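Q: need a structure here:
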Amino acid sequence: MTEAVQLTGAQVILNDAEARYAVRAARKSHGLPPDPSTVESVKDEFTEDEIRKMQHAMDGCTRENAIERLREKQAKKPKLHFCHALDLIADRTPVDWLVKNYLPRRGLAYIYGPSGGGKTFAAVDMSAAIAKGCNWRDCRVKQSPVAILAGEGNAGLKQRLAAWVQTFGPVEQFPIFVSNTGGMIDTFEGLGEVEAALDQITRPGLVIVDTQSRWQSGDESSTRDAAAFVRNLDAIRDKYNCLVVVVHHTTKADFSTLRGSGAYLGAADAVFLATPSEIGGVKRITLSCQKMKEAVEPPPLQWEFDSVILEGWQTEDGEEVTSAILRPCDLTKDTQGRPAKDIPPEIAVEVVREYPGASQNELADLLAERATDFLKRKVGKDTARRLLVKLATIEPARLIRIEDGKRITYRLTALEASQKAKPGELI
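A: The predicted model follows:
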């Protein structure tokens, strides 16, 4: 958003930060107090950590002076600027986690899986632990408010949240806010509506978009429309300095491939696949990391679905109301597939090198067969396919994913194409 300010007959276009600073400076020069109608609350401009760092940099100045200095820097700082490499190296701040080893404090993440596979249950379980401030699967959590953009409304989510609180409570603080309906994040008007709603609640540290199809008006397979969607997710991330997690579906033909354009995987900082399974009549869900941009991929996790009778809830006929929760369990060996990292990436690279133009399904069959021979154990086609997807989305990528309608193929990156396996290596 920009604001037009009239200055001695000339019209100058200022961004929000510049406009706020200009108004404050003008009122201050005339001895007037700040205008509350034109100044956003401090909590919407800067984090407490930013204010403390500025106070320290200014030799312990007052909080008000630190805030004013931050506003000056914000108004004068160009959108595009450079940082010296030595300054980057000098900042030894480690990865800031929202959920240690699994979710970064800021960025874009995806949780995807087949319809009815439990991906939203995983998102709710994680969100509830973040809101409560308790460890999630023995991982430290940074307590933060959570906003869930519920594309299908909040009716179904309220029972899942009630079951979680009843099972894992009590909760002294539980700042989870759930929208009453869906919208369109990828349009200018839709983004404005989402931000206006988020402005009415406690500043979120986590925003859940459930599901992508309910919040996207464009074609999810179009690179142009995907870019618009991701760009507006980035706008939410930047405005609230938070993590945005999108819940999305797999393709119908392949329960390990994220549906739509490959731009979503490329833009994400963390990606998790929710895989359903059933062992001994008990439904389970396995959450496995497919991409972790700034750290080592964490190990997969597994839960069992457990039915919960909601206390005090009744249907119109006086019957009990039930919901489900996820109970942590040990990872079993007979779930669908194994972590893709078990297969040496060099095998996948060589398969793509030897079979240019082969489809993703054909490459997955070939890779599964060759990996089975190499590892001396059965490797499934889904596991092989996940490795192909991973090698096209990690940084630096080793494969390039090409989508032509419903057909998906892979080719080597320029660097990989210039190299050849040495005799005796893996293949």
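Q: Please make it C-alpha for all contacts and neighbour counts, starting now.
A: Fine.
Q: What strand or helix carries residue 229?
A: Secondary structure from DSSP states H and E places residue 229 in helix 223-240.
Q: buried stuff in that helix?
A: With burial defined by 16 or more other C-alpha atoms under 10 Å, the residues of helix 223-240 counted as buried are 225-230, 232-234, 236-237, 240.
Q: Now the two most distant members of the residues you listed.
A: For the buried residues of helix 223-240, with distances taken as C-alpha to C-alpha, the pair at the greatest spread is 225 and 240 (23.2 Å).
Q: just the helices in this protein please.
A: Along the chain, counting by DSSP state H, helices occupy 16-29, 48-57, 63-76, 85-90, 119-132, 155-168, 188-198, 223-240, 263-267, 345-354, 360-375, 381-393, 414-417.
Q: Can you tell me what sits against the second one?
A: In this case it means helix 48-57. Helix 48-57 has contacts (C-alpha atoms under 8 Å, 6 or more residues apart in numbering) with 61-63, 66-67, 69-70.
Q: Can you redo those as CSV, where the extra columns are pLDDT?
A: Output for the contacts of helix 48-57, formatted as CSV (pLDDT from 0 to 100):
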residue, pLDDT
61, 84
62, 86
63, 85
66, 85
67, 86
69, 83
70, 83
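Q: Which one (most neighbours) among those residues?
A: residue 66 (21 neighbours; other C-alpha atoms under 10 Å).
Q: what's near enough to touch it?
A: Residue 66 is in contact with 51, 54-55, 58, counting by C-alpha under 8 Å, 6+ apart.
Q: Residue 147 pairs with what?
A: Counting by DSSP bridges, residue 147 is bridged to residue 177, residue 207.
Q: I figured it hits residue 210, correct?
A: No. Taking contacts as C-alpha atoms under 8 Å, residue 147 lies outside contact range of residue 210: 10.7 Å.
Q: Okay, residue 222 and residue 381: tell me how far apart.
A: Distance of residue 222 to residue 381, given as C-alpha to C-alpha, to the nearest Å: 27 Å.
Q: So for the two, which sits in the more crowded spot?
A: A direct count of neighbours by other C-alpha under 10 Å for residue 222 and residue 381 places residue 381 higher, at 20 against 15.
Q: Now distance to residue 216 too, for the contacts of helix 48-57, in JSON lines please.
A: Shown next, in JSON lines, are the contacts of helix 48-57 (distance: C-alpha to C-alpha, whole Å):
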{"residue": "61", "distance to residue 216": "46"}
{"residue": "62", "distance to residue 216": "45"}
{"residue": "63", "distance to residue 216": "41"}
{"residue": "66", "distance to residue 216": "40"}
{"residue": "67", "distance to residue 216": "37"}
{"residue": "69", "distance to residue 216": "39"}
{"residue": "70", "distance to residue 216": "35"}
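Q: For residue 303, find the nearest of the helices of the chain.
A: Going by C-alpha to C-alpha, the one of the helices of the chain nearest residue 303 is helix 119-132, 9.0 Å.
Q: between the closest one and helix 155-168, how big is the angle?
A: Calculated by axes from the mean of the first three to the mean of the last three C-alpha atoms, to 10 degrees, helix 119-132 forms an angle of 60 degrees with helix 155-168.
Q: re the thing from before, now the contacts of residue 66: which count as buried?
A: Here, 16+ other C-alpha under 10 Å leaves 51, 54-55 buried among these.
Q: which of the residues you listed lies closest to residue 161?
A: Looking across the buried ones among the contacts of residue 66 and measuring by C-alpha to C-alpha, the closest to residue 161 is residue 51, at 34.4 Å.
Q: if I look at the closest one, how far off is residue 206?
A: Remark: distance between residue 51 and residue 206 (C-alpha to C-alpha) = 21 Å.
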